[in-house]
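A.B. asks: Give the three-dimensional model of this entry:
(chains A and B)
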Protein chains: 2
Amino acid sequence: MFQTRLNEAAQRVEAHLSHVMAPMGDLPVVQAMRYASAGGKRLRAFLVLESARLHHIPEAQAIWPATAIEAIHAYSLVHDDLPCMDDDDLRRGLPTVHVKWDECTAVLAGDALHTLGFECAAHPECHPDPSVRAELTLTLARAAGGQGMVLGQALDIAAETAANPLTLDEITRLQAGKTGALFAWSATAGAVMAMADTAPLKRYAADLGLAFQIADDILDIEGDAAKVGKAVGKDADAGKATFVSLLGLEGAKNRARVLIEDACDALAPYGGDAETLRDAARFVISRDS
Amino acid sequence: MFQTRLNEAAQRVEAHLSHVMAPMGDLPVVQAMRYASAGGKRLRAFLVLESARLHHIPEAQAIWPATAIEAIHAYSLVHDDLPCMDDDDLRRGLPTVHVKWDECTAVLAGDALHTLGFECAAHPECHPDPSVRAELTLTLARAAGGQGMVLGQALDIAAETAANPLTLDEITRLQAGKTGALFAWSATAGAVMAMADTAPLKRYAADLGLAFQIADDILDIEGDAAKVGKAVGKDADAGKATFVSLLGLEGAKNRARVLIEDACDALAPYGGDAETLRDAARFVISRDS
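C.D. replies: Purely as a prediction, here's the structure:
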């Protein structure tokens, strides 16, 4: 049931991404944009759509921020996979953009997806009230930039050359930027669009983002590369501090479970209406890819 | 006189860039952001500030879009200079970001400057009316993205492997995206902020952007690398079609002069108030860097 809803949401976002990229023609960079933004679980878009549904925002509006966040997420993956970054050849079981095309195309396609995210968030059809569009754009920039996602990545790189491995506090701060900021933006988008209180969804997203990252670290140890769709065991091989190296495998699993319980509790003000978001939280730590 | 005004504007933008990056700390990526966004002629910011002044927009507001466009411009230069793109070691007479740090830092610093541009355009202090902020953000995304600057870069790359060199029409279209779109956004920003007619400034910017690119092509032939601050003669060495290769040196100079006359004529509705923008246009084809 949850998986069906997730898949349906993914299909709608996929269709909308095609729609917004239709006027861009068919140059290699645009082909690479389409390739890089296809597939994936679309968890961030799902959070946008579900939080919008909770607040009775029409899906014709919510599809814009849902598409925005997936464009931003796709850009971050394309740049992350570059040889000078994580140097990954495989993503979602397919060759990464710089392998299928070249590095230059990957840099540019990532840049264009990055801009596209802001174009979607600021799009007039996203919301009739321009103050909401301005707010969504401003908060998206803060979540994606040097005080959000890019800060997390910069801390990650700094950690590689640091004398001591990261502590649990430091890794938690790093991940709050790297994955947490976009999760928080996604989960609160519906409340922002309804000009409602964002606090419960913010708490939910903070727990969810951290649990998601712990689950990723566990997949890096226990996962099957064929199912995960990318190389596994890289962090352990590199001797990187992760939630698993700091808490142990069982400790990490317990921490993730507690976080998911907290995430579900945070949704209490929404009662039974938020059951799908609770399902999403449980899915995050049970997934095998 | 014009040079003094340009320098003063540059200093104000410099100060504001420092201000918006102050909370970002001092990680290498942030140091690289500061380095990459320092210096330069600040012509785009100047266009924003002057078009705002023409429309009686307070500079405390106009400084935000002026800073936004310089952040976007700086990001595009950092990524353009990468080994997989133009592979340039020198920019404004200093080592490029990937030379001074490394490629990974250059990709991330560019990404963070890209996001910072949108954060500045959408910033509440930019304009009290959120519809103006939403409009500035939306048009900035369109100017920077796959239908603007990145489209121009994608066409540029496609041209390198094309069977035939570009025609004058094709190169004009390419440059309209690559430099023209950001020039147009900058020059019309003041009119957008005043909710005034953008048509005269749009015409001015289209002519100015093209003349700017022709002047760049001329500098690549006639320029002194020490003054230009980057390698010259690269396009000719690579056998690339440029305005100079297509029109000849004298033909290119004449074309640029005619464009600048047209750009100045387009400002007729503003009368003598637009004299500084006319000076900017004349500067664009007389500069030696």
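A.B. asks: tally of neighbours for residue A:167?
C.D. replies: 11 (other Cβ atoms under 10 Å in any protein chain shown). Yep, even glycine has a C-beta here, placed from its N, CA and C like the rest.
A.B. asks: Would you mind measuring from it to residue A:174?
C.D. replies: Distance of residue A:167 to residue A:174, computed by Cβ to Cβ, to the nearest Å: 10 Å.
A.B. asks: ditto for residue A:242
C.D. replies: 11 Å.
A.B. asks: Residue A:256 contacts residue A:216, doesn't it?
C.D. replies: No. Residue A:256 is beyond contact range of residue A:216, at 10.1 Å (criterion: Cβ atoms under 8 Å).
A.B. asks: Just name whatever secondary elements the biggest helix by length in chain A is in contact with.
C.D. replies: As assigned by DSSP state H, the longest helix anywhere in chain A is helix A:199-222. Counting by 3 or more Cβ pairs under 8 Å, 6 or more residues apart in numbering or on different chains; DSSP states H and E, the packing neighbours recorded for helix A:199-222 are helix A:43-54, helix A:168-175, helix A:181-193, helix A:234-237, helix A:243-247, helix A:249-266, helix A:275-286.
A.B. asks: closest one to residue A:209 among these?
C.D. replies: Minimum separation from residue A:209 across the helices and strands packed on helix A:199-222 (Cβ to Cβ) falls at helix A:181-193, 3.8 Å.
A.B. asks: tally of neighbours for residue A:26?
C.D. replies: 8.
A.B. asks: How is residue A:86 assigned, secondary-structure-wise?
C.D. replies: At residue A:86 the chain is in coil, as set by DSSP: H, G, I helix; E, B strand; the rest coil.
A.B. asks: got a list of what it touches?
C.D. replies: Going by Cβ atoms under 8 Å, 6 or more residues apart in numbering or on different chains, residue A:86 touches A:80, A:234.
A.B. asks: can we see that at 7 Å?
C.D. replies: Residue A:86 makes contacts with residue A:80, as judged by Cβ atoms under 7 Å, 6 or more residues apart in numbering or on different chains.
A.B. asks: Find me the pLDDT at it, would you?
C.D. replies: In this model, residue A:86 is scored at 90, pLDDT.
A.B. asks: What's the separation between it and residue A:157?
C.D. replies: Counting by Cβ to Cβ - residue A:86 and residue A:157 are separated by 10 Å.
A.B. asks: what's the answer for residue A:40, then?
C.D. replies: 24 Å.
A.B. asks: for the helices and strands packed on helix A:199-222, which one sits closest to residue B:60?
C.D. replies: helix A:181-193 (26.6 Å).
A.B. asks: I'd like to check the angle between that closest one and helix A:168-175, please.
C.D. replies: 60 degrees (axes from the mean of the first three to the mean of the last three Cα atoms, to 10 degrees).
A.B. asks: can I have helix A:181-193 written out in PDB, keeping just the CAs?
C.D. replies: Coordinates of the C-alpha atoms in helix A:181-193 are reproduced here as PDB (Å, rounded to 0.1, in the frame of the first residue of the first chain):
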ATOM      1  CA  ALA A 181      18.300  20.100   5.400                       C
ATOM      2  CA  LEU A 182      16.600  18.900   2.200                       C
ATOM      3  CA  PHE A 183      14.400  16.500   4.200                       C
ATOM      4  CA  ALA A 184      13.300  19.300   6.400                       C
ATOM      5  CA  TRP A 185      12.500  21.500   3.500                       C
ATOM      6  CA  SER A 186      10.500  18.700   1.800                       C
ATOM      7  CA  ALA A 187       8.500  17.700   4.800                       C
ATOM      8  CA  THR A 188       7.600  21.300   5.800                       C
ATOM      9  CA  ALA A 189       6.800  22.500   2.300                       C
ATOM     10  CA  GLY A 190       3.100  21.700   2.700                       C
ATOM     11  CA  ALA A 191       2.900  23.600   6.000                       C
ATOM     12  CA  VAL A 192       4.700  26.600   4.400                       C
ATOM     13  CA  MET A 193       2.200  26.500   1.500                       C
END
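A.B. asks: how about the helices of the stretch 1-150 of chain A, start to end?
C.D. replies: Assigned by DSSP state H, counting those that start in this stretch, the stretch 1-150 of chain A shows helices spanning A:2-21, A:28-36, A:43-54, A:59-80, A:97-100, A:103-121, A:130-144, A:149-160.
A.B. asks: residues in contact with the closest residue to residue A:242 other than its chain neighbours?
C.D. replies: Counting by Cβ to Cβ, 6 or more residues apart in numbering or on different chains, residue A:242 lies nearest to residue A:217, which is 4.2 Å off, once chain neighbours are set aside. Residues near residue A:217 by Cβ under 7 Å, 6+ apart: A:235, A:242, A:243, A:244, A:252.
A.B. asks: what separates the first one from chain B, distance-wise?
C.D. replies: Relative to chain B, residue A:235 is positioned 17 Å away (Cβ to the nearest Cβ, to the nearest Å).
A.B. asks: Hmm, that residue is touching residue A:220, no?
C.D. replies: Yes. Using Cβ atoms under 7 Å, residue A:235 is in contact with residue A:220, at 5.1 Å.
A.B. asks: more neighbours, these two?
C.D. replies: Set residue A:235 next to residue A:220 and count neighbours by other Cβ under 10 Å: residue A:220 wins out with 20 against 16.
A.B. asks: Quick check: that one touching residue A:233?
C.D. replies: Yes. If you go by Cβ under 7 Å, residue A:220 and residue A:233 touch, sitting 6.3 Å apart.
A.B. asks: The residue of the stretch 151-289 of chain A found nearest chain B: neighbour count?
C.D. replies: Taking Cβ to the nearest Cβ, chain B has its nearest neighbour within the stretch 151-289 of chain A at residue A:154, 3.8 Å off. For residue A:154, the count of nearby residues is 27 (other Cβ under 10 Å).
A.B. asks: so what's it up against?
C.D. replies: Shown in contact with residue A:154 (Cβ under 7 Å, 6+ apart): B:27, B:29, B:108.
A.B. asks: Distance check, residue A:192 against residue A:211.
C.D. replies: Looking at residue A:192 against residue A:211, where the rule is Cβ to Cβ, the gap reads 23 Å.
A.B. asks: can you check residue A:28 too?
C.D. replies: According to Cβ to Cβ, residue A:28 and residue A:211 sit 38 Å apart.
A.B. asks: Which one's more surrounded, these two?
C.D. replies: More neighbours surround residue A:211 than the other of residue A:28 and residue A:211, with 25 against 17 (other Cβ under 10 Å).
A.B. asks: That one against residue A:257, yeah?
C.D. replies: No. If you go by Cβ under 7 Å, residue A:211 and residue A:257 don't touch, sitting 8.2 Å apart.
A.B. asks: Now the common contact residues for the two.
C.D. replies: Common neighbours of residue A:211 and residue A:257 (Cβ under 7 Å, 6+ apart) are residue A:285.
A.B. asks: Can you name the residues of the stretch 51-200 of chain A sitting close to chain B?
C.D. replies: When proximity is defined by Cβ under 7 Å from any Cβ of the partner chain, the stretch 51-200 of chain A lies next to chain B at A:79, A:82, A:84-85, A:103-104, A:107-108, A:111-112, A:114-116, A:118-119, A:122-123, A:130-131, A:133-134, A:137-138, A:141-142, A:144-147, A:150, A:153-155, A:157-158.
A.B. asks: Kindly supply the ChimeraX command isolating those of those that are buried.
C.D. replies: To isolate the buried ones among those in ChimeraX, judged by 16 or more other Cβ atoms under 10 Å in any protein chain shown, type:
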select /A:79,82,84,85,103,104,107,108,111,112,114,115,116,118,119,122,123,130,133,134,137,138,141,142,144,145,146,147,150,153,154,155,157
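A.B. asks: what pLDDT, on average, does the longest helix of chain A get?
C.D. replies: Per-residue scores along helix A:199-222 average to 92.
A.B. asks: and the angle for that helix with helix A:168-175?
C.D. replies: Going by the same axes, to 10 degrees, helix A:199-222 makes 110 degrees with helix A:168-175.
A.B. asks: Return the set of buried residues in helix A:199-222.
C.D. replies: In helix A:199-222, counting by 16+ other Cβ under 10 Å, buried: A:200-220.
A.B. asks: chain center to that helix: distance?
C.D. replies: Relative to the mean C-alpha coordinate of its chain, helix A:199-222 is positioned 11 Å out (Cα atoms, centre = their mean, to the nearest Å).
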